[in-house]
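A.B. asks: need the 3D shape of this:
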Amino acid sequence: MRRFALLFISLLGLSSHAFAFDHDHAAWTALLKQHVSVDGRVAYAKLKVGKATAAGGALRQYLGSLQTVRAEEFAAWSSDQQKAFLINAYNAFTVQLIVDNYPVASIRDIGGFLKKPWSIEFFNLLDGKAKTLDTIEHQLLRPVYKDVRIHAAVNCASISCPQLRGEAYSGARLNEQLEAQMRLWLADASRNQFAAASGAVKVSKIFDWYVQDFVAWGGGVREVLTRYGPPQAKAALSRASTIGYLDYNWQLNSQSE
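C.D. replies: Now for the predicted structure:
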């Protein structure tokens, strides 16, 4: 009887570990489908935690599930599962930061003069490896996975940022999702502009800020724009002697109330 009890406890522990985390991030997808428009605008007012809404509670619950993942467990996952986890975590915690401070005109209004919003410690991820948004993006994501498509996937809650995808990133579908997201971003004329006739090319300031990423991991900005850009991009780039950068609009990517 004692042997059976020990076996049961062992199997229970193994089962709990194996099924502790949903790699499809279904809870995050459900929230995104309910609160993100087709063009990536977010219904922050409806998510406002202070009103103790069901949606606000669901967001907190999802973020809580992310914070229960131990670093050792994370290390055992596939690269795509890890990458999807970190992208979703960045986006979901960014939404939470806005919700906690809403109403706010821009994410840059959060944190005050001495501390930027991306350096605020307001969560504890992977046994304390990440407590800020900057840590997720600049220490755990970009330099580790070396994938230029990450820039199309992480969302900074601003108009000029690549739009927030209306579904969670999943390890099983990550390559497909990142390909689609990169093409969606570059095809958006409000964020990237390619004039085939004149050869005028003006793209997101992100390509300027992170030029070294695009050079090191994508073969250069022109190569990335040609590979993922809309049909007119190739013709425009063949005529363009220089690439310009659009002004970045930091206004909040919120839905009108």
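
A.B. asks: contacts, neighbours, all on C-alpha from now
C.D. replies: Fine.

A.B. asks: which residues sit in contact with the spatially closest residue to Asp134 that is not a sequence neighbour?
C.D. replies: Nearest residue to Asp134 in three dimensions, chain neighbours excluded: Trp118, at 5.2 Å (CA to CA, 6 or more residues apart in numbering). Contact analysis of Trp118 by CA atoms under 8 Å, 6 or more residues apart in numbering lists 132-134.

A.B. asks: any idea how far Trp118 lies from Gln255?
C.D. replies: In this view, Trp118 and Gln255 are 22 Å apart by CA to CA, to the nearest Å.

A.B. asks: same question for Leu125.
C.D. replies: For Leu125, the distance to Gln255 equals 29 Å [CA to CA].

A.B. asks: looking at these two, which is more packed in?
C.D. replies: Neighbour comparison, Leu125 and Gln255: the larger count goes to Leu125, with 21 against 16 (by other CA atoms under 10 Å).

A.B. asks: show me the helices in the stretch 1-150 of the chain, by range?
C.D. replies: When assigned using DSSP state H, counting those that start in this stretch, the helices of the stretch 1-150 of the chain occupy the ranges 2-18, 26-35, 44-47, 54-67, 71-75, 79-101, 133-135, 142-145, 150-153.

A.B. asks: for the stretch 1-150 of the chain, give me the ranges with low pLDDT.
C.D. replies: Low-confidence regions of the stretch 1-150 of the chain, defined here as pLDDT under 70, cover residues 1-20, 49-53.

A.B. asks: show me the shaky parts of the stretch 151-257 of the chain.
C.D. replies: Within the stretch 151-257 of the chain, the ranges that satisfy pLDDT under 70 run 257.

A.B. asks: how about the helices of it, start to end?
C.D. replies: In the stretch 151-257 of the chain, the segments counted as helices under DSSP H, counting those that start in this stretch are 174-187, 206-209, 211-218, 221-228, 231-239.

A.B. asks: list the buried ones in the last one?
C.D. replies: Judged by neighbour count (16 or more other CA atoms under 10 Å), helix 231-239 contains these buried residues: 232-237.

A.B. asks: contacting residues for Ser204?
C.D. replies: Taking CA under 8 Å, 6+ apart as the test, what Ser204 contacts is 160, 191-192, 245-248.

A.B. asks: same thing but at 10 Å, please
C.D. replies: For Ser204, the residues meeting the contact criterion (CA atoms under 10 Å, 6 or more residues apart in numbering) are 160-162, 185-186, 190-193, 244-248.

A.B. asks: how close does it get to Val221?
C.D. replies: According to CA to CA, Ser204 stands 11 Å off from Val221.

A.B. asks: show the buried residues in the contacts of Ser204.
C.D. replies: Buried residues within the contacts of Ser204, defined by neighbour count using 16+ other CA under 10 Å: 160-162, 185-186, 191-193, 244-246.

A.B. asks: adding distance to Ile98, write these out as a markdown table.
C.D. replies: What follows is these, written out as a markdown table (distance: CA to CA, whole Å):
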| residue | distance to Ile98 |
| --- | --- |
| Ser160 | 16 |
| Cys161 | 15 |
| Pro162 | 17 |
| Trp185 | 22 |
| Leu186 | 26 |
| Arg191 | 22 |
| Asn192 | 25 |
| Gln193 | 29 |
| Gly244 | 30 |
| Tyr245 | 27 |
| Leu246 | 24 |
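
A.B. asks: what sits against the nearest residue to Val38 once chain neighbours are set aside?
C.D. replies: Excluding the flanking residues, the one nearest Val38 by CA to CA, 6+ apart is Gly166, at 7.3 Å. Shown in contact with Gly166 (CA under 10 Å, 6+ apart): 28-42.

A.B. asks: check Lys116 too.
C.D. replies: Each residue near Lys116 by CA under 10 Å, 6+ apart is listed here: 107-110, 134.

A.B. asks: contacting residues around Phe214?
C.D. replies: For Phe214, the contact set (CA under 10 Å, 6+ apart) comprises 146-149, 151, 206-208, 220-225.

A.B. asks: any of these buried? List them.
C.D. replies: In terms of neighbour count (16+ other CA under 10 Å), the buried residues within those are 147-149, 151, 206-208, 221-222, 224-225.
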